[in-house]
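Asks: from the sequence below, what's the structure:
(2 chains)
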Amino acid sequence: MGESDRRRGEGTYPLGRRARRRRLASGRATGHVATPARDPSGLVPGDFVSLPSRPMPTITTTRRGVTQRWTTTLIPTTREAPNDAEVPSHVLLHRAGFIRQVGAGIYDYLPLAWRVLGKLSAIVREEMDAAGASEMLMPALEPFELFKDTKRDETYGDNLFRVKDRKGRLNALAPTHEEVITELMRGCVNSFRQLPLNLYQIQTKFRDEARPRAGLLRCREFIMKDAYSFHLAVEGAGGLNEAYDAMYCAYTNIFTRCGLDFSAVEAESGPIGGSASHEFMVNCASGEDTVLKCPASGYAANVEKCEIGLRPAPSKGYFAGEPTGALEEVHTPACPGIDDVCKFLKVKPQHMLKSVLFKVQSTPEQLAKYGEEYILAVVRGDHDVNEGKVKELSGCTSIAMAEPMEAVAKGFAIGFVSPRAAVGKKGVLLLVDRDAAVAFDDAAGKSKFWVTGGDKPDYHVKHFNWQRDLGKDPLAAGAQGEHKGGLRGGDDHMMVGDVRNALEGDPSPRAAGSKLIAARGIEVGHIFKLGTKYSDAMGLTILDQAQQKRPVIMGCYGIGVSRTMAACVEMSHDADGIIWPAALAPFHVLVTLMKPDDARQRDVAARLASDLNTAGVDVLLDDRDERPGVKFKDADLVGLPIRLTLGDKALDAGGVEFKQRKAPAGDKGHVVPLGDVVASVVAKLNG
RNA sequence: CGGGGUGUAGCGCAGCUUGGUUAGCGCGUUUGACUGGGGGUCAAAAGGUCGGCGGUUCGAAUCCGCCCACCCCGACCA
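Replies: Residues are numbered from 1 along each chain as shown, chains lettered A, B, ... in the order given. Purely as a prediction, here's the structure:
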């Protein structure tokens, strides 16, 4: 007879908890380890059994609820969080007994957390299945060679976990599964008739993050749903776009059903490649990502991607204007950053020209044809260069910040570079942001005062004037035009364009007259149109109707499952604890027994729990012999949507106390007649 | 990887500067009593290789060296 049977047999027993403990401590509870009598239903009498009940209304998130008791599960709540926990989700998930840290970026998911993850996963599965995807499971451990074909062993770099096996062979702990699934498809799918396909899994992923942080928000081991779709075409029925749109809808459904406040925003597809990409962000001031939204058109994008609406050119044209004074060189020692220089020179960052050097990552063929190429991007001191926009404007798909050593050798005084540094050098494109390509300030009605680098260590120059000081006339250099595809396009190596990050207040790119507003978010989902990046690299081809070999077109779609749980807490908590939305709450209702030893309270709790279960409501019974204050504090911490308190006062009045977690502080709840409890609970959960 | 910080009981911390009884405190835990609607009171108890290794010393939580772990800022980041 197992321990669990014995415990169950004693679940509601005649003895109080203390007396039980005493007897257990003396070595034997009842003198024998009995098999509890069972009724045909298999339920143990005296436990919280299902009683016959009338038909109940049902809530939408679950078919049938469960009841668990606090005393027979693990919910280690604490008054204080470990001092490494800083962000609210980490603190509260720890204090409420959901997670424990095992190592840097590695966590235990305790029973409550696992229930949340289960509910989230169930929603993900339902929506993925409904969208035509099929669940499968791939291994987390992969031969390292798999990553070589796609070069992700290099591009992923140190973020790829490496594991040596006993034979000394290198394996990887998978950060995602593009390679594995592409390999799988290569072996299984060879006819266009088998497409389209969309396969997904929910699985533990590994990334050797340089700096794990913020609890579950950035882990080295985490749970992710990843889906991969395969198509013969981009457009049309069965094409990539169709699957992408279906995933967009599925994600919208998933996060809506979860009860999360989220935004879908346009995103940079990054090193993963591909044409289009959206991120799903939980809206939350503490989020790591900045998004910009246009209130008029609904356009929303990550800063990394966000376009800026047309900014009118200066009235006199770009670069045109008189100097503000004689060019003056100033010694600026110990000023590594823009802010330092500004402070030292008492100049506002808006009057600085910031120059950032990129090196074009050429293929050997390109290198032979064009030689080494650089791009010098110039923005105003208070703006940030946007790498994606630099790529687009320059027409170079692969660039990277130049290595300082190499840049210095090339004649760029890193940290003190001015636009002049690009002049007179072969293979250097000068890319000037619209806000930096100004010589006459229309708003101020006078010439623009610029400070920029002195092109030698610890020096800057004041009164920089584009026409006078650049070393060539920008007006004559044909830089006025608004064209793209610069470096090799024969444009005399100088261009004006949009190369900076969007900011709040910038004109919307989608609605004239509307201004962008900024917000923060936590990325919980990301969908990509991959195209043929992986199928090309790994030789995944298929015969089409015309018997032509065609590379398979792919999409991939991720959801950070464990991160979503944490993001939900970030989004929804107060000073007392977590406030779970009904759909993700580990249980819907907490039934607090004021006196767990009291027969009437136990009886009512059992019946109530059973009825609630029948209605699909999950119940956690706080049957601990604790003081009321402790139970109430823990109830708020754990944050289940509804708390039903069973105490003598309410019971004498024929009811139980009903309180919603999201109710304003100080709200003591109200008494609901026993017969109405289930309906009230279901109504509130569905509402 | 650069900068900063922390490691002493399950959690939060003191002690270290200036080496010297048996390493303390609060919370939590266990036992008992009193209690019983927002972390209660009293009494008793258990719980520590002071992150690790090495060194200095008659003697190290304390001083020195090396290493490890964890956190924060930055770099990085489908």
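Asks: quick one: residues contacting whichever residue of the stretch 551-687 of chain A sits closest to RNA strand B.
Replies: Residue nearest to RNA strand B within the stretch 551-687 of chain A: A:G647 (1.7 Å; CB to the nearest atom of the strand). C-beta: built from backbone N, CA, C; applies to glycine. The contact partners of A:G647, taken as CB atoms under 8 Å, 6 or more residues apart in numbering, are A:M594, A:K595, A:Q601, A:E657.
Asks: at 7 Å what do you get?
Replies: By CB atoms under 7 Å, 6 or more residues apart in numbering, the residues touching A:G647 are A:M594, A:E657.
Asks: please report the distance of it from A:A653.
Replies: Separation of A:G647 from A:A653 (CB to CB, to the nearest Å) stands at 10 Å.
Asks: tell me how far the residue of the stretch 551-687 of chain A closest to RNA strand B lies from A:F632.
Replies: Applying CB to CB, the value for A:G647 to A:F632 is 11 Å.
Asks: likewise A:Q467?
Replies: Distance from A:Q467 to A:F632, counting by CB to CB: 73 Å.
Asks: what pLDDT does the closest residue to A:K426 other than its chain neighbours get?
Replies: Nearest non-adjacent residue to A:K426, counting by CB to CB, 6 or more residues apart in numbering: A:G371, 7.1 Å away. Looking at A:G371, its pLDDT is 76.
Asks: same deal with A:T62?
Replies: Reported pLDDT at A:T62 in the predicted model: 50.
Asks: does RNA strand B have contacts with the helix or strand containing A:L376?
Replies: A:L376 belongs to strand A:374-380 when assigned by DSSP states H and E. No - Strand A:374-380 lies out of reach of RNA strand B by CB under 7 Å from any atom of the strand, never closer than 14.1 Å.
Asks: and the contacts of that strand?
Replies: Contacts with strand A:374-380, where a contact means CB under 7 Å, 6+ apart, come from A:350, A:352-360, A:385, A:390, A:394, A:396, A:399, A:402, A:419, A:421-422, A:427-433, A:435-436, A:487, A:499-500.
Asks: so which of these sit within helices?
Replies: Judged by DSSP state H, the subset of the contacts of strand A:374-380 located in helices is A:V390, A:S394.
Asks: domain assignment for chain A?
Replies: Domain ranges of chain A: A:1-47, A:50-73+A:586-686, A:112-139+A:174-308+A:517-568, A:328-497, per automatic domain parsing.
Asks: let's have those domains in JSON lines, adding distance to A:Y318.
Replies: What follows is the domains of chain A, written out as JSON lines (distance: least, CB to CB, whole Å):
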{"stretch": "domain A:1-47", "distance to A:Y318": "77"}
{"stretch": "domain A:50-73+A:586-686", "distance to A:Y318": "54"}
{"stretch": "domain A:112-139+A:174-308+A:517-568", "distance to A:Y318": "16"}
{"stretch": "domain A:328-497", "distance to A:Y318": "4"}
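Asks: out of the ones you listed, which gets the lowest mean score?
Replies: Among those, domain A:1-47 carries the lowest mean pLDDT, at a mean of 36.
Asks: output the lengthiest strand in chain A as CSV - backbone C-alpha positions only.
Replies: Scanning chain A for the strand with the most residues, using DSSP state E, yields strand A:517-531. Provided in CSV are the C-alpha atoms of strand A:517-531 (Å, rounded to 0.1, in the frame of the first residue of the first chain):
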residue,chain,number,x,y,z
ILE,A,517,3.8,57.0,-29.4
ALA,A,518,6.2,54.8,-27.5
ALA,A,519,5.5,51.9,-25.2
ARG,A,520,7.3,49.0,-23.6
GLY,A,521,6.7,45.3,-24.1
ILE,A,522,7.9,41.8,-23.3
GLU,A,523,8.3,39.7,-26.4
VAL,A,524,6.3,36.5,-25.9
GLY,A,525,5.7,35.4,-29.5
HIS,A,526,7.5,35.9,-32.8
ILE,A,527,6.5,34.7,-36.2
PHE,A,528,8.8,34.7,-39.3
LYS,A,529,8.6,34.2,-43.0
LEU,A,530,11.9,32.3,-43.4
GLY,A,531,11.8,31.7,-47.1
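Asks: now do that strand: distance to the chain's middle.
Replies: Mean-position distance between strand A:517-531 and its chain equals 7 Å (CA atoms, centre = their mean, to the nearest Å).
Asks: strands paired with that strand, and their directions?
Replies: Strand pairing for strand A:517-531, using DSSP bridges, gives strand A:277-283 (antiparallel), strand A:289-293 (antiparallel), strand A:553-560 (antiparallel).
Asks: just the buried positions in that strand, please.
Replies: Buried residues in strand A:517-531, counted by 16 or more other CB atoms under 10 Å: A:A519, A:G521, A:I522, A:E523, A:V524, A:G525, A:H526, A:I527, A:F528, A:K529, A:L530, A:G531.
Asks: for the fourth one, list each beta-bridge partner.
Replies: Yep, that's A:E523 we're talking about. A:E523 forms beta bridges with A:M281, as assigned by DSSP bridges.
Asks: contacting residues around it?
Replies: A:E523 sits next to A:E279, A:M281, A:D289 when contact means CB under 7 Å, 6+ apart.
Asks: pretty sure the second one is touching A:I522, no?
Replies: Translated: A:M281. Yes - the criterion here is CB atoms under 7 Å, and A:M281 meets it with A:I522 at 6.3 Å.
Asks: which neighbours do the two share?
Replies: Taking CB under 7 Å, 6+ apart as the contact rule, A:M281 and A:I522 both touch A:G287.
Asks: and the gap between the residue of the stretch 301-450 of chain A found nearest RNA strand B and A:G118?
Replies: In the stretch 301-450 of chain A, no residue comes nearer to RNA strand B than A:M401, which is 6.1 Å away by CB to the nearest atom of the strand. Separation of A:M401 from A:G118 (CB to CB): 43 Å.
Asks: what does A:E235 give?
Replies: 38 Å.
Asks: next: A:S572.
Replies: Distance, A:S572 to A:G118, using CB to CB: 19 Å.
Asks: what about these two, which has more around it?
Replies: A:S572 (22 against 13; other CB atoms under 10 Å).
Asks: test my guess that the more buried one contacts A:L584.
Replies: No - A:S572 is not in contact with A:L584 according to CB under 7 Å; the separation is 9.3 Å.
Asks: how about the helix or strand containing A:S535: buried residues?
Replies: Taking DSSP H and E as the criterion, the element that holds A:S535 is helix A:533-538. For helix A:533-538, the neighbour count (16+ other CB under 10 Å) marks A:K533, A:Y534, A:S535, A:A537, A:M538 as buried.
Asks: which one of the residues you listed sits closest to A:G445?
Replies: Set against A:G445, the nearest of the buried residues of helix A:533-538 by CB to CB is A:K533 (51.1 Å).
Asks: just the buried residues of stretch A:359-376, please?
Replies: A:K359, A:V360, A:S362, A:E373, A:Y374, A:I375, A:L376.
Asks: not counting sequence-adjacent ones, nearest residue to the second one?
Replies: For A:V360, the nearest residue in space outside its immediate sequence neighbours is A:E373; the separation is 4.0 Å by CB to CB, 6+ apart.
Asks: what about that neighbour, distance to A:T363?
Replies: The gap separating A:E373 from A:T363 is 12 Å, by CB to CB.
Asks: so A:D636 touches A:G577, yeah?
Replies: Yes - shown here, A:D636 and A:G577 form a contact pair, counting by CB under 7 Å, at 4.6 Å.
Asks: whichever residue of the stretch 51-200 of chain A sits closest to RNA strand B: how many residues sit nearby?
Replies: Per CB to the nearest atom of the strand, A:T176 is where the stretch 51-200 of chain A lies closest to RNA strand B, at 2.2 Å. The number of residues packed near A:T176 is 18, by other CB under 10 Å.
Asks: what sits opposite the nearest residue to it once chain neighbours are set aside in the beta ladder?
Replies: Spatially, and ignoring its direct neighbours in sequence, A:T176 is nearest to A:D226 (5.8 Å; CB to CB, 6+ apart). Here A:D226 sits in beta bridges with A:Q201, A:G558, going by DSSP bridges.
Asks: surely A:D226 meets A:P175?
Replies: No - judged on CB under 7 Å, A:D226 makes no contact with A:P175 at a distance of 9.9 Å.
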